[in-house]
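**Q** Have a look; sequence and predicted model below, questions after that.
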Amino acid sequence: MPKELHPYGVLLRPIITEKTTVLTGANKYVFEVDVRANKNQIKEAVQVAFNVRVSDVNTMNMRGKPKRFGRRVVNRPDWKKAVVTLVPGDKIELFEGI
């Protein structure tokens with residue numbers, strides 16, 4: 001049986017770009033999450049960390065991009081992204097004022 005992830009270890013960082021700031025108007029927030037986390041763990045982690053109610057979680061695995069260091073080409077590590085939709089009326093204050 002795999003080791004259970006702690007709720008605070010699931011969310012790694014918020015992703016703040018132009019596209020994600022537009023999504024905050026639709027009550028959707030984007031996070032980089034642990035690649036081992038499933039949707040239920042992500043939902044619980046957001047609810048515990050920010051004291052909000054989550055209605056939906058969409059996840060996607062992102063492939064690492066190749067980067068050049070002189071002649072050497074190295075791939076960045078793969079990572080997982082989660083788009084979290086909150087119940088209408090709830091919001092995360094971390095993203096406000098951006």
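**A** Great, that's in hand. Numbers count the residues shown, from 1 in each chain.
**Q** The nearest residue to Leu94 once chain neighbours are set aside: what's it in contact with?
**A** In space, and not counting its chain neighbours, Leu94 is closest to Pro14: 6.4 Å by C-beta to C-beta, 6 or more residues apart in numbering. Backbone N, C-alpha and C define where each C-beta goes, glycine included. Counting by C-beta atoms under 8 Å, 6 or more residues apart in numbering, Pro14 makes contact with Tyr29, Val30, Phe31, Glu32, Leu94, Phe95.
**Q** Of these, which belong to helices?
**A** Using DSSP state H, no member of these falls in helices.
**Q** out of those, who's nearest Lys80?
**A** Using C-beta to C-beta, Glu32 comes nearest to Lys80 of these, at 7.1 Å.
**Q** so the closest residue in space to the closest one that isn't next to it in sequence is in which element?
**A** Computed as C-beta to C-beta, 6+ apart, the closest residue to Glu32 that is not its neighbour in sequence is Leu12, at 4.6 Å. Assigned by DSSP states H and E, Leu12 belongs to strand 11-14.
**Q** Beta-bridge partners for Val30, please?
**A** Val83 (DSSP bridges).
**Q** that older thread, quickly name whichever of the contacts of Pro14 is closest to Thr21.
**A** Distances from Thr21 to the contacts of Pro14, taken as C-beta to C-beta, are shortest for Phe95 (7.5 Å).
**Q** which regions of this protein lie under the pLDDT threshold?
**A** For the chain, applying pLDDT under 70 flags the ranges 1-3, 95-98.
**Q** Next one: the residue most central in space within it from Gly70, what distance?
**A** A centroid search over the chain (C-alpha atoms, centre = their mean) returns Phe31, at 1.8 Å, as the residue closest to the centre. Distance of Phe31 to Gly70, computed by C-beta to C-beta, to the nearest Å: 34 Å.
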